[in-house]
Every structure is written in structure tokens, then in C-alpha cells.
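Asker: Return a 3D structure for these sequence lines:
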Amino acid sequence: MGPHGCLTGDADTEPFVTDYRRIYRGKSPLVVMPTTTEQVSRVMAWCYDHNVPVVPQGGNTSLMGGAVPDGTGTAVVISLKKMNRVLAIDTVNDTMIVEAGVTLSGARAAADDARRLFPLRIGSEGSCQIGGNLSTNAGGTAVLRYGNMRDLVLGIEAVLPDGRIFSSLKGLRKDNTGYDLKHLFIGAEGTLGIVTGAVLKLMPQPRSTAVAFVAVDGPEAAVKLLGEARAVSGGAVNAFELISAPALDLVLEYLGDVPSPLPGRHDWMVLIELTSGTDEATLSGTLMEILESGLANEWVVDAAVASSLSDSQQFWRLREEISDAQTRTGGSIKCDISVPVSRIAQFIDKASAEVLALEPATRMVIYGHMGDGNVHFNPLRPKDRDAKDFLAQWYQPVSDLVDGLAHAENGSISAEHGIGVAKRDDLGRYKSPVELELMWQIKRALDPKELMNPGRVLPQSVD
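Answerer: Numbers count the residues shown, from 1 in each chain. Next up is the predicted model:
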């Protein structure tokens, strides 16, 4: 690896063995920082021959403890941070080839420089990396229109557990030549191999954007407003984000210098963003038509429409800083669920009632991507309750309750955060024996020594 390719010693390895929320902390004798796929290949081959476990790591922004080693101190961390080059942009084919260590913000900026759009958008975009986005099938605020990371990639390059390189950086939108192997590695959280590069889809840049911060008469009204927005706009709804009053209270207190967009306090709000290739006046008129319909049907209580880029950025800042506000406050039970959009209001109402029945003073921090059925349902400790004490008493009961209700609605216990170690043991309760058996068969076929990110994603082995 050369004189600058490895880190040893506790002080140097500390950032790589502690997770984003400082909840999961492990040990590693060595952090390897390759600069090429060939270096990754040679390191993996050596680890495979010597039975050394490996933890692949991108920006280390995982919320599920999936990107840091365990406490045994036996696993080598392979950080992709130095593999951060944009290799090619093809504006005719609308594709971009990047190394896995390119940050999401870097990829978006490169696309913007080429007058194109890479639409994935999440709060950690300045730190998270494309390899990690692929490995967790990242979602974010634009899934409603553009899809998850799985929908935004045409090809990948990955190093297998034994060091062999799987390379399919073709950039084809049609290729029906057998199994689409790239999908094995997307969403696998580094348990089947290490993603080292990708061909990403690029989109036309929107000509206009319209944003509104809207108070609604509850989650059911928000669902109806979403339906109206999609019908009226003809597919221009780029984001539709739900925000509960406790979530807004928390982020306003955390930021301090940002006022609420609306007068008074409202129980439920949504952030709506429309984008299109039409002019600003036309899109603004569409947004006003949606809001007027919402007012006429009594779904909308009040609304603030962004009149400038500064307004729009301020609205989005309130939404995107909720996660950090919770982390700084402590004592948040993070449930990342998804249910069919048609059932999301019923889920929120029932889950909220049952959590408050357990602990009436809980702050119901609920927010997220309502347009695609994903809600971050994160009950937060009462203000006068110690965070550790609250989590010790309620983390598992509340998580089990919320996950069970989501599952009962044909939903998922992890919409976009992945499984990692935090949800690993829960997976056995919500996946069928056939699903678990198939997952283990794939794992053993690609990683027979079980060296790749051991103890993550898959629950106890199915024999």
C-alpha cells in the first residue's frame, strides 16, 4: 500500500471505528486506504488467503452500525475515501463514471458542471460516498420522482471477497444478457464484496423549481394533498416531505436563528417541491392550483410559498437538519419504516397512539418521505428525561411495536437506512425462511469464508 496507504494506532484509526452517532464503536488493527481498484484487489486477496475479516467503509454515515468493525479487533477496515475521482462524463449518453469514494455532493457538483442533474439527495451528501450509497441503496428526498440509488446506476465495479474484480462499467440502459449481477452488490452493505466504481445515470436539469411549506389537517389530509399534487402537476412532484410539530419544534430550537415559515404552531406540515422543464411562472401557477384545491377541500390549513432561492433553501434546511437535531439532543428511537402510501396515515395514527400510551410525555418526532411511503418515526425522550435512561427502558419495546405495526401493513422495518447490526437480529422475525435461506445461499456462494463485513445484515446462519 505504500507509506501513506495504512493507518495504525488508536488515535489514527478512531474515526474509522466509531459510527456517525457515536453509538457503535469497535476495534481494528489497521485501516487501509487504497487509491485504485487493483490495490483493493490485492488487499482483498491477501485477507482472503490469511482469513482476515474486512469491513468496507465509505463516508461512515451509517445509522445502523453497518460501517464500523466489531469489538474483537480482528477486522481490517478498507476505506475508499482516496478513490475519489470522477472518471468520465458522457453528456450524449447521460452517464457519469465515478470511483466509489466520490462524495454524493461531489457527484452532484460534477453533474451540475456538465449541465446535468444527478438527483440523489440526502442530508449527509457532503460526507457520504457513492460506494456507500450503492451498498445501502440510498433513498432520500427525491425518490418519489427519480427512485432509489438502485434506479440511478447502470453499471458497477466491485472486488469480490477472494480479490477477483467484477467489472461492468458499460453504461447501457438495455442489456438482457443473463442475470444482472450489479444488483447483488447494491444494498448488500459490503457483505458480498467492495464496490469500487459505478456508472451513474444523469438527468436533464430542471428549468424551474417551486417550493411551499404547508400546514395540513393531519396525515390523511397530507395523503390527499399528495394525490392532488401528482394529478395536477403531471409528474412534477419532486419531493413531498411530512413534518410533525415536535420535529419542527426540535429543529427550530436546534438551529436557533431560523424562524418558522408559518405563523402559529401546526400539528402537521408538508414540504412540497415541484420541478419541471417549464418556465417559473407556469410551475408557480401549478403549485398555486394545488394549494388552492387543498384549501377548498380543507386539507390545507395555511401555506408559505418560497418567493426566492433563499426562502427555498431555508425551508429545506429545516427539513434536512432534523436528523442532526435529534442526534445532538439524544434519546431518539430511530424507526425507519415504509408502508404503502395508502396506509401511511393509518400507520402514523395507530403507532403514535400506542407509543404515547406507553410514555405520554414522549415527543413524537415524525418526518420523512411521505410521497414514497417512507417515514422516519422517531419517538424522542421527554425533555426532563435522561437519554440513556429513556433508551434503556423503551428502545426495544418501542422499536418492536413500531416495526410490528409496519409489518402488519405489508411494510418494511427498514426503508432506506439498511440493516447493519442494529436491525440484524430483527430481520429473522420479518423475513420468511425461504428469503433468509436464499440470502445465505448467495452469501456463501460469494463469500464462503464469511469474511466480508461479518455479523452485519444477515441474522444467525440458516443451515
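
Asker: Tell me the pLDDT of Arg115.
Answerer: We have a pLDDT of 97 for Arg115.

Asker: same thing with Ser461?
Answerer: We have a pLDDT of 60 for Ser461.

Asker: Quick check: which ranges of the chain have low pLDDT?
Answerer: 461-463 (pLDDT under 70).

Asker: which residues are contacting the longest helix seen in it?
Answerer: In the chain, taking DSSP state H as the definition, the longest helix is helix 387-408. Helix 387-408 is contacted from outside by 329-331, 333, 335, 337-339, 347, 350-351, 354-355, 358-359, 362, 377, 379, 381-382, 412-413, 426, 430, using Cβ atoms under 8 Å, 6 or more residues apart in numbering. The C-beta positions use only the backbone N, C-alpha and C, and glycine is treated the same way.

Asker: Quick check: bridge partners of the residue nearest to Ser352 when sequence neighbours are not counted?
Answerer: Nearest residue to Ser352, sequence neighbours excluded (Cβ to Cβ, 6 or more residues apart in numbering): Met364, at 5.5 Å. Beta bridges link Met364 to Pro379 when assigned by DSSP bridges.

Asker: ok, how many other residues are close to Met364?
Answerer: When counting by other Cβ atoms under 10 Å, one arrives at 18 neighbours for Met364.

Asker: mind listing what Phe377 touches?
Answerer: Cys335, Asp336, Ile337, Ile348, Ala351, Ile366, Val402.

Asker: In the longest helix of the chain, which residues have enough neighbours to count as buried?
Answerer: Phe390, Leu391, Trp394, Val398, Ser399, Leu401, Val402, Asp403, Gly404, Leu405, Ala406, His407 (16 or more other Cβ atoms under 10 Å).

Asker: which of those sit farthest apart?
Answerer: Phe390 and His407 (24.3 Å; Cβ to Cβ).

Asker: re earlier: what's the distance between the longest helix of the chain and the middle of its chain?
Answerer: 20 Å (Cα atoms, centre = their mean, to the nearest Å).

Asker: quick one, what contacts Ala114?
Answerer: Applying Cβ under 8 Å, 6+ apart to Ala114 gives the contacts Ile89, Thr91, Met96, Leu202.

Asker: Let's verify the nearest residue to Val195 once chain neighbours are set aside: helix, strand, or coil?
Answerer: If the residues on either side of it in the chain are set aside, Val195 comes closest to Gly131, at 4.5 Å by Cβ to Cβ, 6+ apart. Secondary structure state of Gly131, per DSSP: H, G, I helix; E, B strand; the rest coil, is helix.

Asker: my guess is Gly131 meets Leu104, correct?
Answerer: No. Counting by Cβ atoms under 8 Å, Gly131 stays clear of Leu104, with 10.6 Å between them.

Asker: who has more neighbours, those two?
Answerer: Set Gly131 next to Leu104 and count neighbours by other Cβ under 10 Å: Gly131 wins out with 29 against 26.

Asker: so how far is Glu416 from that one?
Answerer: To Glu416, Gly131 is 16 Å away according to Cβ to Cβ, to the nearest Å.

Asker: go on, Gly106?
Answerer: 21 Å.

Asker: Which of the contacts of helix 387-408 fall in helices?
Answerer: Thr329, Phe347, Lys350, Ala351, Glu354, Val355, Leu358, Asp426, Tyr430.

Asker: Whichever of those end up buried, select them in PyMOL.
Answerer: Buried subset of the ones in helices among the contacts of helix 387-408, written as a PyMOL selection, criterion 16+ other Cβ under 10 Å:
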select buried, resi 329+347+350+351+355+426+430
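
Asker: okay if I get the ones in helices among the contacts of helix 387-408 as a markdown table plus distance to Ala198?
Answerer: As requested, the ones in helices among the contacts of helix 387-408 are exported to a markdown table (distance: Cβ to Cβ, whole Å):
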| residue | distance to Ala198 |
| --- | --- |
| Thr329 | 35 |
| Phe347 | 34 |
| Lys350 | 40 |
| Ala351 | 36 |
| Glu354 | 41 |
| Val355 | 39 |
| Leu358 | 43 |
| Asp426 | 29 |
| Tyr430 | 29 |
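
Asker: quick one: which of the ones in helices among the contacts of helix 387-408 is nearest to Ala296?
Answerer: Phe347 (27.2 Å).

Asker: In contact with the closest one: list those residues for me.
Answerer: Ile337, Val339, Val375, Leu405, Ala406, Glu409, Gly411.

Asker: who's in contact with the first one?
Answerer: Spelled out, that is Ile337. Counted by Cβ under 8 Å, 6+ apart, Ile337 has contacts Phe347, Asn374, Val375, Phe377, Val402, Asp403, Ala406, Gly411, Ser412, Ile413, Ser414, Ala415.

Asker: if you set the cut-off to 7 Å instead, what comes out?
Answerer: Ile337 makes contact with Val375, Phe377, Val402, Asp403, Ala406, Gly411, Ser412, Ile413, Ala415 under the criterion Cβ atoms under 7 Å, 6 or more residues apart in numbering.

Asker: As a check, name the ranges of all strands in the stretch 251-400 of the chain.
Answerer: 268-276, 300-305, 335-338, 363-368, 374-380 (DSSP state E, counting those that start in this stretch).

Asker: For the last one, C-alpha coordinates in PDB please.
Answerer: By that I understand strand 374-380. Taking Å, rounded to 0.1, in the frame of the first residue of the first chain, the C-alpha atoms of strand 374-380 are listed here in PDB:
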ATOM      1  CA  ASN A 374     -41.200   6.200   4.000                       C
ATOM      2  CA  VAL A 375     -41.500   7.800   7.400                       C
ATOM      3  CA  HIS A 376     -38.800   8.300  10.000                       C
ATOM      4  CA  PHE A 377     -40.900   7.500  13.000                       C
ATOM      5  CA  ASN A 378     -38.600   8.600  15.900                       C
ATOM      6  CA  PRO A 379     -40.100   8.900  19.300                       C
ATOM      7  CA  LEU A 380     -37.800  11.200  21.400                       C
END
